[in-house]
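**Q** okay, here's the prediction I keep looking at, along with the sequence it came from:
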Number of protein chains: 2
Amino acid sequence: MKRFGMQTLKFDNPITILETASIVGPKEENGPLAEYFDKCLEDEFWQEKTWEKAESKIIKETVNMNITKAKIPAADINYCFAGDLLNQCISSSFGLRELGIPFYGIFGACSTFVEGMQLASVFIDSGAADKCICAASSHFCSAEKQFRFPLELGNQRPPTSQWTVTGSGSVILSNSGEGPYVTYITTGKVVDLGIKDANNMGAAMAPAALDTLIAHFKDTGRNPSYYDAILTGDLGYIGKDILSEMALTKGYNIKSNYNDCGVLIFDKDSQDTHSGGSGCACCATVFSGYLFNKLKQKKLNKILLIATGALTNSTTAQQGESIPGIAHAISIETGM
Amino acid sequence: MKRFGMQTLKFDNPITILETASIVGPKEENGPLAEYFDKCLEDEFWQEKTWEKAESKIIKETVNMNITKAKIPAADINYCFAGDLLNQCISSSFGLRELGIPFYGIFGACSTFVEGMQLASVFIDSGAADKCICAASSHFCSAEKQFRFPLELGNQRPPTSQWTVTGSGSVILSNSGEGPYVTYITTGKVVDLGIKDANNMGAAMAPAALDTLIAHFKDTGRNPSYYDAILTGDLGYIGKDILSEMALTKGYNIKSNYNDCGVLIFDKDSQDTHSGGSGCACCATVFSGYLFNKLKQKKLNKILLIATGALTNSTTAQQGESIPGIAHAISIETGM
């Protein structure tokens, strides 16, 4: 591989996105991308007794479905990179405990899915692995319970709040196959501009997205118009507008080809999700479902996916801390 | 690099352990390894208002000290791999938010430190990085508060319980330098034999340590006597005995050269730490302080460090779940 600037790697060997899988909840089934997901659940429990167990089941079944869809034996997969939003990443470690594949737990909040794809790409390009599987999950109910208020309280949500996507996305990367390909990765730094509102994650994460976006363009020499689409993970409507404006002040006009997975996954008018979707599963399911489909059909040929994470928890919020963000970017193209 | 078996990589290029740093708390200062740590704190707060903020300060200052000791500019470090035990890994993301180095958050519970060294080794061997920094932290008070009971309750602790190490260890890996060197890594799988006692983490993690230990010997063709010392991360007295016995039943006699960082860091008789030390900082500080010193002095020349993690939290315990474990191993040698 070759290094470009301080944060970007270009792969010499083709890193193929072999296959994906996605499972989502009932709210996502009512959204505009429903047709692209492999499975939509009828309720948030999926026959489990708790939301946490349901989330573990979702990531487990998504990963199993991904392996089945790829028509390869699980033993051909050298490493698994996975993580989630729950304390101590229990969704992935419990959900994947029977997988039997060497396992790296990762935590990048809602940037976890792309973090996994970045690490897996380096492993494959280096020859450490032929194939890796990367997965991430989130669940509206387990996330609300853990980060905000008991759902039973029926708290009102401010207009800046986002709706955690229930679901999981999984992807198998391979050193062989016909593409689409991972061509560049740009690794994010932790960025904290002092936003403290836990109900405005989009604003907290937008500076990190901007930092990685600019690093990607500077490192690669590309400009926004190179891509058919630039997608952030879960900035939502408010964060999307902030990023778009901030990028313009830095000389990068992304208004014509930029969107956010949290904006795409729900219908703003009918679904009462305020600023849009969020959570590890937001960009994981939108990529594994919608975007991968468009890439395979070559309706999209060059995309830049920038997953965004808010590195916060309820204790830091109570202690008056601001919300550091991080964003990891991956360039995916149908040609090398 | 070359792959050996299903879980092991051998590096073609020397991965040098350039420098380490460690900061620990007052209890660790009273233990037998005190002289090896760079700094021992007088109290658990270190002038911060909360234990969480103190833990963030500890990892921040450990990483800064590591860079200073290595006498290199921070800009020469290409990636940081870090994690901790707190919910959403806030110690590392808050502590390292001003670092300005591309950041990968990782979570392997108490195996996090070696997980970071494994990922960093692959990055360096592949040419993705010249230098990486890896760090992990834990804090007795923040861990007890989060995983068990409020410290103010003064709860009695069962004999199987372990004492979370307060501190942080940090290591800089480099593609050049005089060693010691990372020669092999063996990545662990999630292993769950059904232990449910959150006060007996050693028993819960021992099966994962065994799984990785056997994989390492099978993959490399080495046997236990190859190493001057085999060290697990934080199995403690009980887990150490379990691993030792289980390994023997599998044909691997490790009794003469095996120890555990949780056994080494505290004095069993005088420090009232029951089954020994635990936490991400346990193997991180014992390696960065004690073991690195012995390797530099060539009093140890071949060690196998197997960091062990219990992938659990308080919610899964309340929901009656067992405790999955994971163990990542790294072979460190003074000659290539």
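**A** Perfect, thanks for sending it.

**Q** list the contacts of A:N253.
**A** A:P224, A:A247 (Cβ atoms under 8 Å, 6 or more residues apart in numbering or on different chains). No exception for glycine: its C-beta is placed from N, CA and C like everyone else's.

**Q** tell me the centre residue of chain A?
**A** Geometric centre of chain A, nearest residue: A:C283, 3.4 Å, by Cα atoms, centre = their mean.

**Q** pretty sure that residue is touching A:C110, no?
**A** Yes. A:C283 is within contact range of A:C110, at 7.1 Å (criterion: Cβ atoms under 8 Å).

**Q** which residues do those two both contact?
**A** With Cβ under 8 Å, 6+ apart, A:C283 and A:C110 have common neighbours A:G233, A:D234, A:A307.

**Q** and the first one, how far from A:Q7?
**A** I take that to be A:G233. Per Cβ to Cβ, to the nearest Å, A:G233 is found 17 Å from A:Q7.

**Q** who has more neighbours, these two?
**A** A:G233 (35 against 24; other Cβ atoms under 10 Å in any protein chain shown).

**Q** helix or strand right after the strand or helix carrying A:C282?
**A** If you go by DSSP states H and E, A:C282 is part of helix A:280-285. Following helix A:280-285 in sequence order, the next helix or strand is helix A:292-296 (DSSP H and E).

**Q** hmm, who's touching that following helix?
**A** Residues contacting helix A:292-296 (Cβ under 8 Å, 6+ apart): A:I17, A:T20, A:Y36, A:V171, A:P180, A:L300, A:N301, A:I303, A:I332, A:T334.

**Q** next, count neighbours for the closest residue to chain B within the stretch 201-336 of chain A.
**A** Nearest residue of the stretch 201-336 of chain A to chain B: A:L311, at 3.7 Å (Cβ to the nearest Cβ). By other Cβ under 10 Å, 30 other residues sit near A:L311.

**Q** help me confirm that it comes into contact with A:I326.
**A** Yes. Between A:L311 and A:I326 there is a contact at 6.1 Å, judged by Cβ under 8 Å.

**Q** between those two, what contacts are shared?
**A** A:G108, A:A109, A:V190, B:S93, B:G105.

**Q** give the rounded mean pLDDT of the host helix or strand of A:T20.
**A** Assigned by DSSP H and E, A:T20 falls within strand A:8-24. Strand A:8-24 carries an average pLDDT of 96.

**Q** list the pairing partners of it within its sheet, with orientation.
**A** strand A:2-4 (antiparallel), strand A:39-40 (parallel), strand A:167-174 (antiparallel), strand A:181-186 (antiparallel) (DSSP bridges).

**Q** around chain B, pick out the residues from the stretch 101-250 of chain A.
**A** A:101-109, A:115, A:118-119, A:122-123, A:125-128, A:187-192 (Cβ under 8 Å from any Cβ of the partner chain).

**Q** mind doing that once more with 10 Å?
**A** The stretch 101-250 of chain A has residues A:101-109, A:111-112, A:115-116, A:118-119, A:121-130, A:142, A:145-147, A:185-192, A:212, A:215 near chain B, with proximity defined as Cβ under 10 Å from any Cβ of the partner chain.

**Q** just checking, the residue nearest to the centre of chain A touches A:G116?
**A** No. Counting by Cβ atoms under 10 Å, A:C283 stays clear of A:G116, with 11.4 Å between them.

**Q** shared neighbours, these two?
**A** Taking Cβ atoms under 10 Å, 6 or more residues apart in numbering or on different chains as the criterion, A:C283 and A:G116 both touch A:A136, A:A307.

**Q** show me how chain A divides into domains.
**A** A:2-174, A:181-333 (automatic domain parsing).

**Q** TSV please, covering those domains and showing distance to B:S244.
**A** Shown next, in TSV, are the domains of chain A (distance: least, Cβ to Cβ, whole Å):
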stretch	distance to B:S244
domain A:2-174	24
domain A:181-333	38
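
**Q** for B:T160, find the nearest of these.
**A** domain A:2-174 (20.2 Å; Cβ to Cβ).

**Q** ok, back up a step: Serialize the strands paired with strand A:8-24 to JSON lines and add fields for mean pLDDT.
**A** Shown next, in JSON lines, are the strands paired with strand A:8-24 (pLDDT from 0 to 100):
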{"stretch": "strand A:2-4", "mean pLDDT": "97"}
{"stretch": "strand A:39-40", "mean pLDDT": "98"}
{"stretch": "strand A:167-174", "mean pLDDT": "98"}
{"stretch": "strand A:181-186", "mean pLDDT": "98"}
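
**Q** any idea which of those is most buried?
**A** Stretch with highest mean neighbour count among these: strand A:167-174 (a mean of 30; mean count of other Cβ atoms under 10 Å in any protein chain shown).

**Q** neighbours of the residue lying closest to the residue of the stretch 201-336 of chain A closest to chain B once chain neighbours are set aside, just the number please.
**A** Nearest residue to A:L311 in three dimensions, chain neighbours excluded: B:S93, at 3.7 Å (Cβ to Cβ, 6 or more residues apart in numbering or on different chains). Burial of B:S93 is recorded as 32 neighbouring residues (other Cβ under 10 Å).
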